[in-house]
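Trainee: predicted model and sequence follow; I will ask about them next.
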Amino acid sequence: MIKKHLLLLLVFICLSSLKAQDILLTLTGKEVPCAINKVDTFFVFYNPLGPIESIEKSLVSKITPRKLILKDGSEKNVVFDLAAYDVKGPYVFYREMGKTEKRKDRYNYFSCTMNSFDTLLPGQDTILLVQREKVLYAQDSLHKKFDFTIEEQRAYTYGRRSARKNFTSPWSTMGGIATGFAGGVILNFFYAAAPAVIYCTVNGSIKPQVGPTSQVDQEYLTNEFFIEGYRSQARLLKIQNSVLSAVPSLALGMLVRYFSTVN
């Protein structure tokens, strides 16, 4: 019995080093966790993934790359989210696969990374993970969207990905709140949005410098395409933060002005 538990623990230790879900990386640096089924000349076919769920390890009979087989005989179509996995904990973390397959234009993506591993049984103490990246991007001198070489586009996309993960702009949020609320309170209905519009326009016209990055980005920090991608995505995030904070603040300010004039 002790030997069986030790072997099961080794299986889960091996499992904890894996990333079983596939990743689609868009040209704009967005990572899409999914289960990729097929990539052809024009399209990527994949199943989207649901939110992170968990199940007790003691209820699991067998783990395959796309299935969780329980001791009661039931099965779940899943992939594993091991960023949340704790080898010492009592749970397996997974995401259920969407039932409807999606088909997307492959040229919206830079690459897809596909992960696979063999079936896991309680008696196994080793496992082989196969990870394969397929570059979907192709340079096209006739199309402005695809004028970078593969390595230039890789650096640019990694820059945008890094900004998505690491860049924050609290001042953009605060500025949107302040200008939206002030315009709503001080100015009449026709001009109330003017301060927020001006602020968002000016704030969005300025590209920030490269800020926090991830460990995987270290070799690209001096790459001009990485820097440009990071700054471009960071600018968009500034605009998003300022607009999303200005709109409700403007509405709140207008309500305050309305009720203050009524009273």
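Mentor: Happy to help now that I have it. Numbers count the residues shown, from 1 in each chain.

Trainee: going by C-alpha atoms from here, please, whenever you check contacts or count neighbours.
Mentor: Fine.

Trainee: for the biggest helix by length in the chain, which positions count as buried?
Mentor: The longest helix of the chain (DSSP state H) is helix 224-262. For helix 224-262, a neighbour-count test (16 or more other C-alpha atoms under 10 Å) marks 225-243, 245-247, 249-254, 257 as buried.

Trainee: skipping adjacent residues, who's closest to K99 in space?
Mentor: N47 (7.1 Å; C-alpha to C-alpha, 6 or more residues apart in numbering).

Trainee: is it true that that neighbour touches P33?
Mentor: No. The pair N47 and P33 does not pass the contact test of C-alpha atoms under 8 Å, sitting 9.3 Å apart.

Trainee: on that earlier part again, list the helices and strands the longest helix of the chain packs on?
Mentor: In terms of contacts (3 or more C-alpha pairs under 8 Å, 6 or more residues apart in numbering; DSSP states H and E), helix 224-262 is packed against helix 150-166, helix 170-186, helix 194-204.

Trainee: higher neighbour count, N47 and P33?
Mentor: More neighbours surround P33 than the other of N47 and P33, with 22 against 18 (other C-alpha atoms under 10 Å).

Trainee: for the longest helix of the chain, the distance to its chain's centre please.
Mentor: 21 Å (C-alpha atoms, centre = their mean, to the nearest Å).

Trainee: stretch 210-230 too?
Mentor: Per C-alpha atoms, centre = their mean, the centroid offset for stretch 210-230 relative to its chain is 17 Å.

Trainee: ok, stretch 100-114 next?
Mentor: Taking mean C-alpha positions (C-alpha atoms, centre = their mean), stretch 100-114 and its chain are 14 Å apart.

Trainee: mind listing what's buried in that stretch?
Mentor: Within stretch 100-114, the residues that count as buried by 16+ other C-alpha under 10 Å are 106-114.

Trainee: over to stretch 186-202?
Mentor: Within stretch 186-202, the residues that count as buried by 16+ other C-alpha under 10 Å are 187, 192-193, 195-197, 199-200.

Trainee: identify all contacting residues around that stretch.
Mentor: 175-176, 179-180, 182-185, 239, 242-243, 246, 250, 254, 257 (C-alpha atoms under 8 Å, 6 or more residues apart in numbering).

Trainee: taking the residues you listed, tell me the two that lie furthest apart.
Mentor: Greatest spacing in the contacts of stretch 186-202, by C-alpha to C-alpha: I239 and R257 (26.2 Å).

Trainee: care to break this protein down by domain?
Mentor: According to automatic domain parsing, the chain comprises the domains 2-137, 150-262.

Trainee: need those domains in JSON lines (columns: mean pLDDT).
Mentor: Output for these, formatted as JSON lines (pLDDT from 0 to 100):
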{"stretch": "domain 2-137", "mean pLDDT": "75"}
{"stretch": "domain 150-262", "mean pLDDT": "93"}
